[in-house]
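Q: okay, here's the prediction I keep looking at, along with the sequence it came from:
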Amino acid sequence: MPRSSLLDCLNGQLVRLSGIAGIDPAAPQHLMSDLLGSSGSRPVSEPPAWPSAIADDHTPVEFSLAYGHGQPPALRILAEAIGSPPSVPNNLAATSQFLGRQAQRLGLSLSRLAAVQDLFTADEPYGDFVMWCSLVFRRGRRPELKAYLNPEVKGVAQAPRLVSDALARLGLGRSWQATLARAVRPGQLGVADRLSFFALDLHDGPDSRVKVYLTHHNAHIQDVVRAAGLVDGVDPARLSEFCQVAGGVVRFERRPLVASYTFGAGSDEPVGYSCYLPIRSYVQDDQEARDRVVALLAPFGYDAADIDRAVSAVARRPLRAGVGLIAHVSLRLGRPHPGVTVYLSAEAYRVSPPGLPPGASRPGRPHVPRPAAPRLARPHPARPRAV
């Protein structure tokens, strides 16, 4: 009997998720296969080719469904291209090659990425990655691609200046210092508040965005509410309720909360805000996570059956048999697509047992990634999810 490959495992889940989003699975399958390259043919009975930080079990792909009012959910795939042989620099090269192949086919614009990419380049990259990709599929529209760059690629201390320079090059620098002053707790930049991602839409349309992500370790709900207050249209009561319902705590001492700020042309202030909550670290099992997600999506017109279809598309086990299938949940506020996103792990290699998952951050101690020096194996840190 032939051994199941990583791509075999992911394709079945992807077809079912495409049906939920109301899209033809052919384009998502083609793009995911091209992005994974030869690593997709590796049997899942063997260890992962690379200890990707995309997912807890090192699967280099994570699925998500973005729900909003009166529309089918958008299907998203966050993925890491795996080089040959796998390494942080070779994975970056594989990602760049993938984008080059898709640029003409999908009408991508790589000009803004080219304008800042040298800032996110280092001879010895620091952290888990240099660049990841996100693929977004909406019914009736062409696929959208995004690039996620590592602000700490030259070290934690260099991240604020790197982000500031990148935004300035893109004509979005005027609001950055004010954003930083409101978003970061006093004295915690580079300590408990860390710059996690710098994300770019790879098109030049009027709704093209740049997003900056901040990880808030050991944060209280009020820290997040205060930080979100600089964005017009953020309802502090809704944000507070989201954190309480999804997390069940008021201080997040396990895996950290993550916030993102969306910047667009023509505005001197962020136009959108999202809060990402690692729900798997605050529930005993995925049945509990599912029940909380049902409550979060009810205000947007979705019911338990909608959530169960999404979970069933990827699940290969009872929900009480593990934790982490529902990995994150996020609340999107402001422009352009307010709503809730649910992040689903493929669990291609491993299922975390019920209870506090292995690798959860220890209370009060933010994770400090190691430099990405060449080596055969690397510890798997807790990373925020990108959208």
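A: Done, it's in.

Q: pLDDT below threshold where in the stretch 51-200 of the chain?
A: Counting by pLDDT under 70, the stretch 51-200 of the chain shows no low-confidence range.

Q: ok, which stretches of it are helices?
A: Taking DSSP state H, counting those that start in this stretch, the helices of the stretch 51-200 of the chain run over residues 88-106, 111-116, 159-169, 176-183.

Q: quick one: residues contacting residue 251.
A: 218-221 (C-beta atoms under 8 Å, 6 or more residues apart in numbering). In this view, the C-beta of every residue, glycine as well, is placed from N, C-alpha and C.

Q: top of those residues by neighbour count?
A: Tallying neighbours with other C-beta atoms under 10 Å puts residue 219 at the head of the contacts of residue 251, with 24 neighbours.

Q: residue 256 is in contact with that residue, correct?
A: Yes - counting by C-beta atoms under 8 Å, residue 256 is a contact partner of residue 219 at 6.7 Å.

Q: and residue 283, that one's in a strand?
A: No - read with DSSP: H, G, I helix; E, B strand; the rest coil, residue 283 is coil and lies in no strand.

Q: number of nearby residues for the closest residue to it other than its chain neighbours?
A: Of all residues not flanking residue 283 in the chain, residue 289 sits nearest, at 4.6 Å (C-beta to C-beta, 6 or more residues apart in numbering). Using other C-beta under 10 Å, residue 289 is surrounded by 26 other residues.

Q: now residue 289: how far from residue 193?
A: 26 Å (C-beta to C-beta, to the nearest Å).

Q: sorry, back to before: please identify which helix or strand holds the residue nearest to residue 283.
A: Taking DSSP states H and E as the definition, residue 289 sits inside helix 286-297.

Q: for that helix, buried residues please.
A: Using 16 or more other C-beta atoms under 10 Å as the test for burial, helix 286-297 gives 286-290, 292-294, 296-297.

Q: returning to that earlier point: turn the helices of the stretch 51-200 of the chain into a markdown table, including distance to residue 313 and mean neighbour count.
A: A markdown table is the format used below for the helices of the stretch 51-200 of the chain (distance: least, C-beta to C-beta, whole Å; neighbours: other C-beta atoms under 10 Å):
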| stretch | distance to residue 313 | mean neighbour count |
| --- | --- | --- |
| helix 88-106 | 25 | 17 |
| helix 111-116 | 31 | 16 |
| helix 159-169 | 36 | 18 |
| helix 176-183 | 35 | 17 |
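
Q: tell me which of the ones you listed lies nearest to residue 123.
A: Among the helices of the stretch 51-200 of the chain, helix 88-106 comes nearest to residue 123, with 9.0 Å by C-beta to C-beta.

Q: can you pull out the residues in contact with that closest one?
A: Contact with helix 88-106 is made by 31, 34-35, 37, 50, 80-84, 108-110, 113, 125, 128-133, 142-143, 145, 147, 202, 372, as judged by C-beta under 8 Å, 6+ apart.

Q: give me the buried entries from those residues.
A: Neighbour-count burial (16+ other C-beta under 10 Å) applied to those gives 31, 35, 37, 50, 80-83, 108, 110, 113, 125, 128-133, 143, 145, 147, 202, 372.

Q: hang on, the earlier thing: now the element after the helix holding residue 289, going C-ward?
A: For helix 286-297, the following helix or strand on the C-terminal side (DSSP H and E) is helix 304-314.

Q: what mean pLDDT does that following helix get?
A: Helix 304-314 shows a mean pLDDT of 96.

Q: strand partners of the helix or strand that comes right after that helix, parallel vs antiparallel please.
A: Downstream of helix 304-314, the next assigned helix or strand under DSSP H and E is strand 326-334. Strand 326-334 pairs in its sheet with strand 272-277 (antiparallel), strand 339-345 (antiparallel), by DSSP bridges.

Q: check residue 2 and give its pLDDT.
A: Looking at residue 2, its pLDDT reads 54.

Q: renumber starting at 39 from here on
A: Let's use 39 as the start, then, which means that last one is residue 40.

Q: ok, back up a step: show me the contact partners of the helix holding residue 327.
A: Applying C-beta under 8 Å, 6+ apart, the external contacts of helix 324-335 come out as 105, 280, 283-284, 286, 317-318, 321, 341-342, 344-346, 349, 353, 357-358, 360-364, 367, 369, 378, 380.

Q: which residues touch residue 323?
A: The neighbours of residue 323, taking C-beta under 8 Å, 6+ apart as the test, are 357-361, 392-393.

Q: what does residue 344 give?
A: The contact partners of residue 344, by C-beta under 8 Å, 6+ apart, come to 105, 335.

Q: one step back: what's the lowest-pLDDT member of the contacts of residue 323?
A: For these, the weakest pLDDT value sits at residue 393, with 84.

Q: output stretch 228-245 as CSV, nothing but the C-alphas.
A: Taking C-alpha atoms only, stretch 228-245 is exported to CSV below (Å, rounded to 0.1, in the frame of the first residue of the first chain):
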residue,chain,number,x,y,z
GLY,A,228,11.5,44.2,22.7
VAL,A,229,10.8,42.7,26.1
ALA,A,230,7.1,41.6,26.7
ASP,A,231,5.9,43.4,23.5
ARG,A,232,7.6,42.1,20.4
LEU,A,233,7.3,42.9,16.8
SER,A,234,6.3,39.6,15.1
PHE,A,235,5.4,40.1,11.5
PHE,A,236,5.6,42.8,8.7
ALA,A,237,3.0,41.7,6.2
LEU,A,238,2.4,43.0,2.6
ASP,A,239,-0.4,42.5,0.2
LEU,A,240,1.2,41.6,-3.1
HIS,A,241,-1.0,43.8,-5.4
ASP,A,242,-1.2,47.5,-6.1
GLY,A,243,-5.0,47.9,-5.8
PRO,A,244,-6.6,50.7,-3.8
ASP,A,245,-7.2,48.3,-0.9
